[in-house]
Structures are given as C-alpha cells and as structure tokens.
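Trainee: Build the 3D model from these lines:
(one chain, ligands or ions: 1)
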Amino acid sequence: ALPRDLEGRHVVVSAGGTREPLDPVRYLGNRSSGRQGYAIARVAAQRGARVTLVAGHTAELADPAAVHVVHAPTAREMQVAMHEAATDADAVVMAAAVADFRPVDLAENKIKKGGGEVPPLRLAENPDILAGLVRERPAGQVVVGFAAETGDETGGPLHHGREKLRRKGSDLLVVNAVGDGKAFEVSDNAGWLLGADGGEQEIPNGSKALLASRLWDAVRARL
Ligand code: C5P
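Mentor: Numbering: from 1, shown residues only. Below you'll find the model as predicted:
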C-alpha cells in the first residue's frame, strides 16, 4: 500500500498535449498521450491528496478515480485553468506538452485548397505557463516542471535539464530522454529528477507510476 503522506494537501497536475486550432477542423498539436501526467495525478490521489488534473488532449484516458478533471484544449485555456487551480495548491506539476506556438488567425471556415495559392501559416508564441506559475506562486508552494530532451544534443539531456531548471525557476525538473521511441506514446519512462538545491536522482526505466512515486517523494520532502 502507498503511504498517505499527501493527506490534507491540494496538488495540481497538467497532462496531455495542447491543440492550437487553425480552422474548425484542423489544429497544431503534438504526440503527448497524457499517460505520465495521469499517473502523477492518480498516485497523488492514492497518497491522500486532493487532486486537480488539468487535461489537454490525451489518448482517450479515463478520468483517474477521485480526481477533479478540468479540460483545457489550448495553451491559453490551460494557462487560465492552471492559475485558477494553483491559488491554494501546495504543489503544482506541469507535465503537459504545451504547444510553444499557435496560429495567429483562426479561420472561421475550413481552409480550402485551389487557386494555386498556398495559405501562409503565421504563428504567435504561446505563454510559458510554467514560468508564469513560478512568478505568481504563493509562499511555500512547490513547483515541478518537465523537460523532454533528445540524447544527441551537445552536453546531453542532463546539461540541458540543469539549464532549463535555472531558466524556468521551478523547484524540481523531471528530465525525460525522448526520441527513438522513448517516453512519448509508450507505457514506460525513465530520466532524472533535478532539484534547484542541486539534488540529482536517476529514475531507472520503469512504469510511469514508478516515476510518479519518485516525483511525489521529492515533492513531499520539500513541503
Ligand atoms: O521549454 P520547454 O517546453 O522544454 O519546457 C517544458 C516545461 O515547460 C514543461 O513542464 C511544460 O509543461 C512547460 N511549458 C509551459 N508552457 C509552455 C511550454 C512549456 O508551461 N508554453
């Protein structure tokens, strides 16, 4: 049985990918399934927390038991939902894959081909939700971010993770190795858990529930 060490706590978790509409039938999106974020929410509830799960698009995942689910399809809707839920939260985990850009224009009708012209795709930058949550957090709130890094970048995923942790200002950052069929759309996950205090823990390949347990251990130690 899991420890009930999050009893009396409110935790907020985002999960899944955002979809940024182009017209009534098309969007820009990503391959996030939401499985890791859902596992984080589920484990927190099993450990006694009151959980708000802010869900983007997922692989048709069922709502976890005893979790309050708020749906937020786009980055801007997710930003509003996260700030609202985070006001009284003890911990906030941004596991969602937020689109960095959205189409500037949302066409009222389906964009048509023909006439020899290819329509331009103009993009605007989405808000960095995690950075905003860090800026506005109440005293004592623990904030956790994620970083999906491919291993072939110079310096490797850990180096990029450290730099991202500093830039975002969160207390913890989960670094996932992605690419080569890792992390996205699969049931296993592995990586590192970096702390703003310099702490560094490797998370061996295992279930997404295992990673969730390690994450809540680290959050618990900082509450
Ligand atoms: O900068 P990058 O997208 O790699 O950072 C990933 C982390 O930032 C994740 O925790 C993700 O949920 C969060 N993020 C966000 N808003 C964005 C982009 C990423 O909150 N627009």
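Trainee: pLDDT weak spots in the chain?
Mentor: 151-155, 179-186 (pLDDT under 70).
Trainee: how about the strands in it?
Mentor: Per DSSP state E, the chain carries strands over the ranges 10-15, 20-23, 26-28, 50-55, 68-71, 91-94, 101-103, 123-125, 142-150, 172-178, 188-195, 200-207.
Trainee: now these as JSON lines including mean neighbour count and distance to Ala85?
Mentor: Heads up, the C-betas are built off the backbone N, CA and C, glycines and all. What follows is these, written out as JSON lines (neighbours: other Cβ atoms under 10 Å; distance: least, Cβ to Cβ, whole Å):
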{"stretch": "strand 10-15", "mean neighbour count": "29", "distance to Ala85": "4"}
{"stretch": "strand 20-23", "mean neighbour count": "18", "distance to Ala85": "21"}
{"stretch": "strand 26-28", "mean neighbour count": "16", "distance to Ala85": "24"}
{"stretch": "strand 50-55", "mean neighbour count": "26", "distance to Ala85": "4"}
{"stretch": "strand 68-71", "mean neighbour count": "16", "distance to Ala85": "7"}
{"stretch": "strand 91-94", "mean neighbour count": "28", "distance to Ala85": "8"}
{"stretch": "strand 101-103", "mean neighbour count": "18", "distance to Ala85": "22"}
{"stretch": "strand 123-125", "mean neighbour count": "11", "distance to Ala85": "23"}
{"stretch": "strand 142-150", "mean neighbour count": "22", "distance to Ala85": "13"}
{"stretch": "strand 172-178", "mean neighbour count": "23", "distance to Ala85": "19"}
{"stretch": "strand 188-195", "mean neighbour count": "20", "distance to Ala85": "23"}
{"stretch": "strand 200-207", "mean neighbour count": "13", "distance to Ala85": "26"}
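Trainee: how about stretch 136-153, does it reach the ligand?
Mentor: Yes: Stretch 136-153 reaches the ligand (Cβ under 6 Å from any ligand atom) through Gly145, Phe146, Ala147.
Trainee: and what of stretch 28-37?
Mentor: No: using Cβ under 6 Å from any ligand atom, stretch 28-37 stays clear of the ligand, with a minimum separation of 9.0 Å.
Trainee: heads up, I number from 48, so please use that
Mentor: With the count now opening at 48, the last piece we talked about shows up as stretch 75-84.
Trainee: contacting residues around that stretch?
Mentor: 60-67, 69, 100, 102-106, 108, 140, 142-144, 146, 148-150, 193, 223, 230-232, 234, 236, 255, 258-259 (Cβ atoms under 8 Å, 6 or more residues apart in numbering).
Trainee: So for that stretch, what gets flagged as buried?
Mentor: Residues Leu75, Gly76, Asn77, Ser79, Ser80, Gly81, Arg82, Gln83, Gly84 are the ones in stretch 75-84 that count as buried (16 or more other Cβ atoms under 10 Å).
Trainee: Tell me which residue of the chain is furthest from the middle?
Mentor: Gly162 (41.0 Å; Cα atoms, centre = their mean).
Trainee: What's the separation between it and the ligand?
Mentor: Here the distance between Gly162 and the ligand works out to 35 Å (Cβ to the nearest ligand atom, to the nearest Å).
Trainee: Check Arg213 too.
Mentor: The gap separating Arg213 from the ligand is 12 Å, by Cβ to the nearest ligand atom.
Trainee: give me the number of residues near that residue?
Mentor: Arg213 has 12 neighbours, counted by other Cβ atoms under 10 Å.
Trainee: Noted, bye for now.
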